[in-house]
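[1] Provided below for reference: sequence and predicted model.
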Amino acid sequence: MEFIGHIINEATGYVWGWPDIFPAMIILLLGTGLFISFRLGWIQLRRLKHAIDITRGKYDDPSHEGDISHFQALSTALSATIGIGNIAGVATAIHYGGPGALFWMWVTGILGTSLKYAECTLSMKYRKINPDGSASGGPMYYMEKALGWKWLGIVFASAASLCALATGNAIQAFTVADQLNSDLAVPVWITGLVIATVVGMVIIGGVKRIGRVTAFLTPFMTVVYVCGAVTILLLNMDRIPQAFSDIFSMAFTPSGAVGGFAGSTFMYTLIWGIKRGLFSNEAGQGSAPIAHAAAKTDEPVREGTVAMMGPYIDTLTICTLTGLAIIVTGAWTVTVNGEALNGSPMTAYAFQHGLTFLGGYGNYIVTAAVLLFATSTMISWSYYGDRSIQYLFGDWIITPYRLLFCTMIFVGAVLKLEEVWTFGDLALGIMAIPNLIALIALSGVLVKMTNKYYSQKHTPLR
């Protein structure tokens, strides 16, 4: 196990870059985001109102092919992104990269909106309608159909199948088990067993049941968590200006290690901010297009426009609230028994000490959020894994894969933090690379589709 861990660690370093190694993945992600944003004339800013109107259901037509509504597609995609990345991911970024890492998460979020638009629009255009009427889509389909690069589609689908077991599963299970063990002394194996059973009962119902569950869970859990974070900031308004000052100044000139801050170089801060930003919003990773491809619509650009909302809600809003709560309460500088806080316990500390009027029980908001966020994320990622493994081997493999997925929930719950996150980072990077290459290659097609759609008059159906 130690040898395997060493290999994964080394491979992750070469994918994401060490502080002293050229970070090719960082350059590819930011470079593609800038390239797509400029080619589309910063569509994420110009078409935001239209995105909101579509999400509200003004253009929904039940007669269109697909499985779920625009809102359900966005909810399913958001439920896979709003979760551990917003709670433990932000904390981990600040732990290793300092407050400045939050700035680079913002950069990833802003550029990520255009990437989400691009990948989801293309996924809708080249999706496959199955004999039973259900839809299958994702980067592997536009790699094969639009580019004729089936080999790249196979690489992507293989990485996505693996990533579903890691970032969309094991990391979620570990964080829930870690938090429940920390707060309530629940043995990690019990947590793993219970969650695996619950998730298994939901995913057997397929994407329509997943869409219904996530359409309820995602808005509910988001409101509860956001209210808690906003309250912390209202109670610490005098510290917010200094928090922003620390974020901007330490984004480029990090200070020496303090408490939980493990890094002290610009590259360290950059890498951890971008890594956790991508983990949070998944823009450019190629996962969200799989969910959005199931939407009922005959306009690919329309669903891509809806998808732009994801990073706005996820990274630029919820991650920002979490990061500010951690900074204004000083949670990022705290050590307990000689160990620096990291992951969800750091965020839980911020809520516990930031919401003192709850009598020291504010951390349970984080515990509840971790449980709900992680469960909905695992449910959504099971669908991503389903579509990817189906692309590789056909329908017969779906049920065995779902059993493996549920087994990995238990495995993730009993592993160590560093092992789980490192494995997840490796899978995430390997999945994103082929998708980013495809987006660059198909940017011309994307521009034509975008111009054609927005040159027409679109009348709401309701």
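    Received it, and whenever you're ready, just let me know what you need.
[2] okay, CA-based contacts and neighbour counts for the rest of this
    Fine.
[3] name the element the nearest residue to residue 196 once chain neighbours are set aside belongs to?
    Distance criterion Cα to Cα, 6 or more residues apart in numbering; nearest residue to residue 196, sequence neighbours excluded, is residue 406 at 5.0 Å. According to DSSP states H and E, residue 406 maps onto helix 398-414.
[4] quick one on the thing from earlier: quick one: the residue nearest to residue 196 and residue 199 touch, right?
    Yes - if you go by Cα atoms under 8 Å, residue 406 and residue 199 touch, sitting 7.2 Å apart.
[5] who has more neighbours out of those two?
    A direct count of neighbours by other Cα atoms under 10 Å for residue 406 and residue 199 places residue 406 higher, at 24 against 21.
[6] what residues are up against the more buried one?
    Contact partners of residue 406, counting by Cα atoms under 8 Å, 6 or more residues apart in numbering, are 196, 197, 199, 200.
[7] what's the helix or strand for the second one?
    I take that to be residue 197. Residue 197 belongs to helix 188-203, assigned by DSSP H and E.
[8] run a quick neighbour tally on residue 219.
    By other Cα under 10 Å, 13 other residues sit near residue 219.
[9] state the distance from it to residue 153.
    Per Cα to Cα, to the nearest Å, residue 219 is found 33 Å from residue 153.
[10] how close does residue 131 sit to residue 201?
    Separation of residue 131 from residue 201 (Cα to Cα) stands at 25 Å.
[11] the more surrounded of these two?
    Per other Cα under 10 Å, whichever of residue 131 and residue 201 has more neighbours is residue 201, with 11 against 7.
[12] read off the pLDDT value for that one.
    pLDDT recorded at residue 201 is 78.
[13] which helix or strand in the chain has the lowest average pLDDT?
    Lowest mean confidence among the helices and strands of the chain (mean pLDDT, DSSP states H and E): helix 70-81, at a mean of 61.
[14] so what does residue 336 look like in phi/psi?
    Dihedral pair for residue 336: phi -130, psi 120, per degrees, to the nearest 10.
[15] report how many residues lie close to it.
    9.
[16] so how far is residue 195 from residue 330?
    Taking Cα to Cα, one finds residue 330 at 32 Å from residue 195.
[17] out of the two, which sits in the more crowded spot?
    Set residue 330 next to residue 195 and count neighbours by other Cα under 10 Å: residue 195 wins out with 22 against 18.
[18] I'd say that one and residue 376 touch.
    No - using Cα under 8 Å, residue 195 is not in contact with residue 376, being 10.8 Å away.
[19] now the helices for the stretch 351-462 of the chain?
    Per DSSP state H, counting those that start in this stretch, the stretch 351-462 of the chain carries helices over the ranges 363-393, 398-414, 417-441, 443-454.
[20] list the buried ones in the second one?
    Of the residues in helix 398-414, those with enough neighbours to count as buried (16 or more other Cα atoms under 10 Å) are 398, 401-402, 405-414.
[21] so can I have JSON lines of those residues showing distance to residue 452 and pLDDT?
    Putting those into JSON lines (distance: Cα to Cα, whole Å; pLDDT from 0 to 100) gives the following:
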{"residue": "398", "distance to residue 452": "37", "pLDDT": "88"}
{"residue": "401", "distance to residue 452": "40", "pLDDT": "92"}
{"residue": "402", "distance to residue 452": "40", "pLDDT": "90"}
{"residue": "405", "distance to residue 452": "41", "pLDDT": "91"}
{"residue": "406", "distance to residue 452": "43", "pLDDT": "89"}
{"residue": "407", "distance to residue 452": "46", "pLDDT": "90"}
{"residue": "408", "distance to residue 452": "44", "pLDDT": "88"}
{"residue": "409", "distance to residue 452": "44", "pLDDT": "89"}
{"residue": "410", "distance to residue 452": "48", "pLDDT": "88"}
{"residue": "411", "distance to residue 452": "48", "pLDDT": "86"}
{"residue": "412", "distance to residue 452": "46", "pLDDT": "83"}
{"residue": "413", "distance to residue 452": "48", "pLDDT": "84"}
{"residue": "414", "distance to residue 452": "51", "pLDDT": "80"}
